[in-house]
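Q: here's my sequence, what's the structure:
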Amino acid sequence: MARDIAAACRELLAGARAILEIGPGRGALTGELALLGMPLVLIEKDDLLARSLAESLPFATVLNADLLEIDLDGLLRSEAPGAWLVVGNLPYNQGTAMVKRFLRSPERVAGLVFMLQAEVVQKLCALESEEGYGPLAVLARTWWRPEKLLRVPPGAFSPAPKVTSAVVRLVPLASPILDVGRFDEFARFVDACFKAPRKLLAANVSALIHDKDLVAKMIEAAGVGLKSRPADVSPNAFARLYLSTARIKKEE
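A: This next block holds a predicted model:
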């Protein structure tokens, strides 16, 4: 499995200058990544594991830290734009939060390769109207090209977890749908649009813009049918609707 993940990383080396591994644990994947010939930075939360990695891998920089708490933006900016190849076997209970931290930095990353719970990978890769399509897929596809690489059964691990895993690769889009500076505001807008996913999109947007007639015109102008639900709407259409909403709220 470690070799498969390293092979997925190898295809992204052209624009990378350094590898950032999240949660290396005992270093099974790290050894394969070292063969790629790039400087290695490892983020390991566990104190004992971090100390062991630093002793056994003197060529790597080991950061004993929690990814959700470190200054990730500062770390990514320590290299040139597009320099980082980020890889890791992410914990099931924090995987989504960790992925979101990287989704907001496409200009600093050559690519992301993560092993996650299969359900989370489905949410990252789903197209509109597919199972799992929601805010995570919209954010991913606005700035990235996500691709599910392989499914990993519980039996591939010892001890075996109760869930199936999958490996996903995300590559920054050459022409993203929105400027990344709008990431946080767009994320809040998309979350609001999916707040009641079974309702029509118009009903959710009406909670933001309190004018049903105006909302109807905005939705149609975005190229979306008035009977559409959030899960039917493409990232491009969400972006158009978001820009219209942002302009109106600015004028209020």
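
Q: where do the helices sit along the stretch 101-250 of the chain?
A: With DSSP state H, counting those that start in this stretch as the criterion, the stretch 101-250 of the chain has helices at 118-125, 135-143, 183-193, 201-205, 212-221, 235-251.

Q: low-confidence ranges in the protein?
A: Low-confidence segments of the chain, defined by pLDDT under 70, span residues 158, 250-252.

Q: mind splitting it into its structural domains?
A: Split into domains by automatic domain parsing, the chain comes to 2-172, 180-251.

Q: before we move on, back to that, winner for burial among the helices of the stretch 101-250 of the chain?
A: helix 135-143 (a mean of 23; mean count of other Cβ atoms under 10 Å). In this view, the C-beta of every residue, glycine as well, is placed from N, C-alpha and C.

Q: what does it rub up against?
A: 96, 99-100, 103, 106, 120, 123-127, 146, 170, 172-173, 176-178, 180, 183, 186-187, 190-191, 194, 235, 238-239 (Cβ atoms under 8 Å, 6 or more residues apart in numbering).

Q: residue contacts, the closest residue to residue 149 other than its chain neighbours?
A: Using Cβ to Cβ, 6 or more residues apart in numbering and skipping the chain neighbours, the partner closest in space to residue 149 is residue 167 (4.4 Å). By Cβ under 8 Å, 6+ apart, residue 167 lies in contact with 4-5, 8, 113-116, 121, 148-150, 152.

Q: ok, of those residues, which come out buried?
A: Buried by 16 or more other Cβ atoms under 10 Å: 5, 8, 113-116, 121, 149, 152, out of the contacts of residue 167.

Q: export those to CSV and tack on distance to residue 85?
A: As requested, these are exported to CSV (distance: Cβ to Cβ, whole Å):
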residue, distance to residue 85
5, 12
8, 10
113, 8
114, 12
115, 15
116, 17
121, 19
149, 15
152, 20
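
Q: so which of those residues are in strands?
A: 113-116, 149, 152 (DSSP state E).

Q: which of these sits closest to residue 198?
A: Checking these against residue 198 with Cβ to Cβ, the nearest one is residue 116 at 26.2 Å.

Q: dig out what the closest one forms beta bridges with.
A: Counting by DSSP bridges, residue 116 is bridged to residue 166.

Q: where's it relative to residue 137, distance?
A: Distance, residue 116 to residue 137, using Cβ to Cβ, to the nearest Å: 14 Å.

Q: anything in contact with each of the two?
A: Contact criterion Cβ under 8 Å, 6+ apart; residues shared by residue 116 and residue 137: residue 124.

Q: any chance of the helices of the stretch 101-250 of the chain in CSV, plus distance to residue 34?
A: Converted to CSV, the helices of the stretch 101-250 of the chain look like this (distance: least, Cβ to Cβ, whole Å):
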stretch, distance to residue 34
helix 118-125, 26
helix 135-143, 29
helix 183-193, 32
helix 201-205, 48
helix 212-221, 51
helix 235-251, 36
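
Q: count of neighbours near residue 211?
A: Neighbourhood size, residue 211 [other Cβ atoms under 10 Å]: 11.

Q: backbone dihedrals for it, please?
A: Torsion angles at residue 211 (phi, psi; degrees, to the nearest 10) stand at phi -150, psi 100.

Q: and the gap between it and residue 43?
A: 47 Å.

Q: got the contact list for residue 144?
A: Residue 144 neighbours (Cβ under 8 Å, 6+ apart): 103, 106, 112, 170-173.

Q: measure stretch 66-76 end to end?
A: 15 Å (Cα to Cα, to the nearest Å).
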